[in-house]
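**Q** take a look and give me a structure for this.
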Amino acid sequence: MYVCNTRSIISNFICLSKTLNLMTFNTSGGDGAGGLVGISSKLSLCLLYFILAVISGWALKHNSSTLAGYAYGLYLAHSLVCILRQTHPNPGIVQRTVCEQSHRYAPVAFITLIVGELLAIRRTTIELGANWAVVGIGFAASLFLLAIIKCFIGFNFNTNSKSTLAQNVCLNLCVLWNAYCLCRIAFVEDQFYWALGLAMLVLLNHFVLIRLTLYFNITHQEIGTVGMCFSTIFAINAIQELAEALVSR
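**A** Numbers count the residues shown, from 1 in each chain. I've put the predicted structure just below:
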């Protein structure tokens with residue numbers, strides 16, 4: 001019931017891209033055009049956040065597992081908070097910081113919870129070379145602690161500081177570890193393509209697609225939110241595919 005039609009996903013994404021392109025204005029017209037670009041950027045972000053809220057809310061409604069429910073709830077809360085931030089006429093520093101940190105860490109926490117759910121569904125141990133719970137939850141807890149410190153304690157985290165370097169290293173290692181776990185799950189199972197696709201999508205979103213902001217008139221929030229939407233779709237189908245495979249055995 002949950003397996004999505006790939007052709008319809010691609011068609012919806014193309015329509016979404018056309019909508020965002022129509023909402024983008026040329027900035028060469030001076031300050032007035034720049035103001036229109038700012039408005040169009042907020043509108044496109046609100047549209048993407050609304051789509052993410054619908055997808056994650058639908059997944060949460062039809063979900064019957066614990067860790068996946070936390071993952072979908074995290075994305076739903078993230079989208080709602082970011083919608084409030086974009087629609088607020090004068091958002092405060094705390095609100096801006098929370099949204100920025102949520103954009104950075106929510107995808108990593110989401111994929112960590114989804115990997116845990118896939119391992120829980122399988123019920124048998126997959127040889128990963130290390131305990132997934134210790135490594136994955138350890139990375140996630142470290143990232144969460146660093147984010148809390150940065151948001152609320154107010155330490156000076158400049159781009160060259162050791163704390164920022166520790167954040168980036170921990171974040172990258174957590175992404176790589178979860179992608180490796182997804183690949184192991186896909187290779188252990190027979191024709192488990194959604195998990196492998198989710199692993200590739202996570203790597204693309206974190207390391208590759210974010211570079212598009214250097215060449216195209218698009219923000220990292222827009223790219224990240226589109227990646228979250230597709231990650232949710234892939235996660236729904238990966239969980240459903242594994243559950244059906246185990247039932248048929």
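**Q** need the contact list for Tyr75.
**A** Tyr75 makes contact with 52, 55-56, 106, 110, 228, 232, according to CB atoms under 8 Å, 6 or more residues apart in numbering. Placement of C-beta: from N, CA and C, glycine included.
**Q** if you count neighbours, what's buried in the strand or helix carrying it?
**A** Secondary structure assigned from DSSP states H and E places Tyr75 in helix 66-87. Buried residues in helix 66-87, defined by neighbour count with 16 or more other CB atoms under 10 Å: 67-68, 70-76, 78-83, 85-86.
**Q** quick one: Ser237 and Gly73, what's the gap?
**A** Let me fix one detail, which is that residue 237 is Asn and not Ser. Remark: distance between Asn237 and Gly73 (CB to CB, to the nearest Å) = 19 Å.
**Q** kindly report the same for Ser102.
**A** Separation of Ser102 from Gly73 (CB to CB): 13 Å.
**Q** can you check which residues contact both of the two?
**A** Common neighbours of Ser102 and Gly73, using CB under 8 Å, 6+ apart, do not exist here.
**Q** which ones are touching Thr232?
**A** 52, 55-56, 59, 72, 75, 110.
**Q** what do you get if the cut-off is 7 Å, keeping everything else the same?
**A** Counting by CB atoms under 7 Å, 6 or more residues apart in numbering, Thr232 touches 55-56, 59, 72, 75.
**Q** for Leu67, same thing?
**A** Here Leu67 is in contact with 113, 116-117, 120 (criterion: CB under 7 Å, 6+ apart).
**Q** chain neighbours aside, what residue packs nearest to it?
**A** Nearest residue to Leu67, sequence neighbours excluded (CB to CB, 6 or more residues apart in numbering): Glu117, at 4.1 Å.
**Q** remind me which helix or strand that neighbour belongs to.
**A** Judged by DSSP H and E, Glu117 forms part of helix 93-122.
**Q** let's test this: mean pLDDT of that helix, rounded?
**A** Averaged across helix 93-122, pLDDT comes to 84.
**Q** mind listing what's buried in that helix?
**A** Of the residues in helix 93-122, those with enough neighbours to count as buried (16+ other CB under 10 Å) are 97-119, 121-122.
**Q** what packs against the helix or strand hosting Leu182?
**A** According to DSSP H and E, Leu182 maps onto helix 162-188. Applying 3 or more CB pairs under 7 Å, 6 or more residues apart in numbering; DSSP states H and E, we find helix 162-188 packed against helix 93-122, helix 132-148, helix 193-203.
**Q** of all the ones you listed, which one is nearest Leu214?
**A** Leu214 lies closest to helix 93-122 among the helices and strands packed on helix 162-188, at 17.5 Å (CB to CB).
**Q** neighbours of Val226, just the number please.
**A** As a burial measure, Val226 scores 20 neighbours (other CB atoms under 10 Å).
**Q** mind checking what secondary structure it has?
**A** Here Val226 is recorded as helix under DSSP: H, G, I helix; E, B strand; the rest coil.
**Q** from Asn63, how far out is it?
**A** Taking CB to CB as the measure, Val226 falls 22 Å from Asn63.
**Q** could you do Tyr180 as well?
**A** In this view, Tyr180 and Asn63 are 25 Å apart by CB to CB.
**Q** these two: which is more packed in?
**A** More crowded of Tyr180 and Asn63, by other CB under 10 Å: Asn63, with 20 against 17.
**Q** once you drop chain neighbours, what's closest to that one?
**A** Gly69 (4.8 Å).
**Q** what's the answer for Ala71, then?
**A** Leu113 (3.8 Å).
**Q** so the one you found sits against Gly73, correct?
**A** No: the criterion here is CB atoms under 7 Å, and Leu113 misses it with Gly73 at 9.6 Å.
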